[in-house]
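[1] Sequence isn't available, so here's the structure alone:
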């Protein structure tokens, strides 16, 4: 289980919202399109079990960049007065080591998340969402000690249905606040998966916004049992920064 303060952690992608000004400008019925690359510096906390071999995942924010081999994040959405369609791609390749029981434990995670969601605006500020998230995960856990060396690796791919809500609110003429939350899995893929973010955006021009915020995603997936057990129960959370290009 996570510390209770993590249950209220919210997060951002630099791309999911382009702010209240976008809703106003699409009232004519036309479509707005946004593409946004973003950067993330997120901590990871939880446990992984690979072929029955369990290891703690504890990668703090202060060391995530040291352990991150590669990362790529990009978001695309299209929206009009009532409807929206969004997609988000996250790729991370992480490896970290830590002292454990007189030896060294190592965890490695190669994670690709691809999300597609459609939404309906019940008001200019609030949209209800439904969609799916593809999770492609490669995980490894190892231990190197004086009397034992062990390494277990596995890869899994699954799809989580999800439902959520997205809210935008103006803060000033060029500033806006975005909030997002979704929950999914429901035993179809993950036992449970949830995601949340909060962001603040600054509209530098009609076509460019800078977005800063915080994002959290928690995935609890389990398959198999005994020596074939695979479980990924990890919260990833941290600040994100991006630039959204609207056209």
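    All right, it came through fine. Predicted, not measured: the structure shown is a model, and the values here were computed from it.

[2] Name whatever forms a beta bridge with residue 106.
    Applying DSSP bridges to residue 106 gives these bridge partners: residue 97, residue 142.

[3] In contact with it, which residues are there?
    Residues in contact with residue 106, defined by Cβ atoms under 8 Å, 6 or more residues apart in numbering, are 95, 96, 97, 140, 141, 142, 143, 144. Glycine gets a C-beta too; all of them are placed from N, C-alpha and C.

[4] what about it, distance to residue 98?
    8 Å (Cβ to Cβ, to the nearest Å).

[5] and if you look at residue 38?
    28 Å.

[6] Surely residue 137 is in contact with residue 108?
    No. Assessed by Cβ atoms under 8 Å, residue 137 is found out of contact with residue 108, at 10.9 Å.

[7] most surrounded residue in the contacts of residue 106?
    Ranked by the number of neighbours (other Cβ atoms under 10 Å), those place residue 141 first, at 24 neighbours.

[8] And for the residue nearest to that residue when sequence neighbours are not counted, the neighbour number?
    In space, and not counting its chain neighbours, residue 141 is closest to residue 55: 3.9 Å by Cβ to Cβ, 6 or more residues apart in numbering. Residues near residue 55, counting by other Cβ under 10 Å, number 20.

[9] Would you agree residue 55 is in contact with residue 46?
    No. Taking contacts as Cβ under 8 Å, residue 55 lies outside contact range of residue 46: 10.1 Å.

[10] The residue nearest to residue 141: which element?
    Assessed by DSSP states H and E, residue 55 sits inside strand 53-59.

[11] can you give me how far that strand is from the chain middle?
    Strand 53-59 sits 19 Å away from the centroid of its parent chain (Cα atoms, centre = their mean, to the nearest Å).

[12] Now the spatially most central residue of the chain: closest residue in space, sequence neighbours ignored.
    Centroid-nearest residue in the chain: residue 217, 4.7 Å away (criterion: Cα atoms, centre = their mean). Distances taken as Cβ to Cβ, 6+ apart put residue 195 closest to residue 217, at 4.4 Å, once the chain neighbours are dropped.

[13] Check which helices and strands the one helix or strand that neighbour maps to sits against.
    Taking DSSP H and E as the definition, residue 195 sits inside strand 192-203. Secondary-structure packing of strand 192-203 (3 or more Cβ pairs under 8 Å, 6 or more residues apart in numbering; DSSP states H and E): strand 149-170, strand 175-184, strand 208-223, strand 230-246.

[14] quick one, what contacts the residue nearest to residue 217?
    Residues near residue 195 by Cβ under 8 Å, 6+ apart: 11, 162, 164, 180, 181, 182, 183, 215, 216, 217, 218.

[15] and if we set it to 10 Å?
    Going by Cβ atoms under 10 Å, 6 or more residues apart in numbering, residue 195 touches 10-11, 13, 88, 113, 115, 133, 160, 162, 164, 180-184, 215-219, 236.

[16] Specify which member of the contacts of residue 106 is nearest to residue 211.
    If you rank the contacts of residue 106 by distance to residue 211 using Cβ to Cβ, residue 96 comes first, at 27.8 Å.
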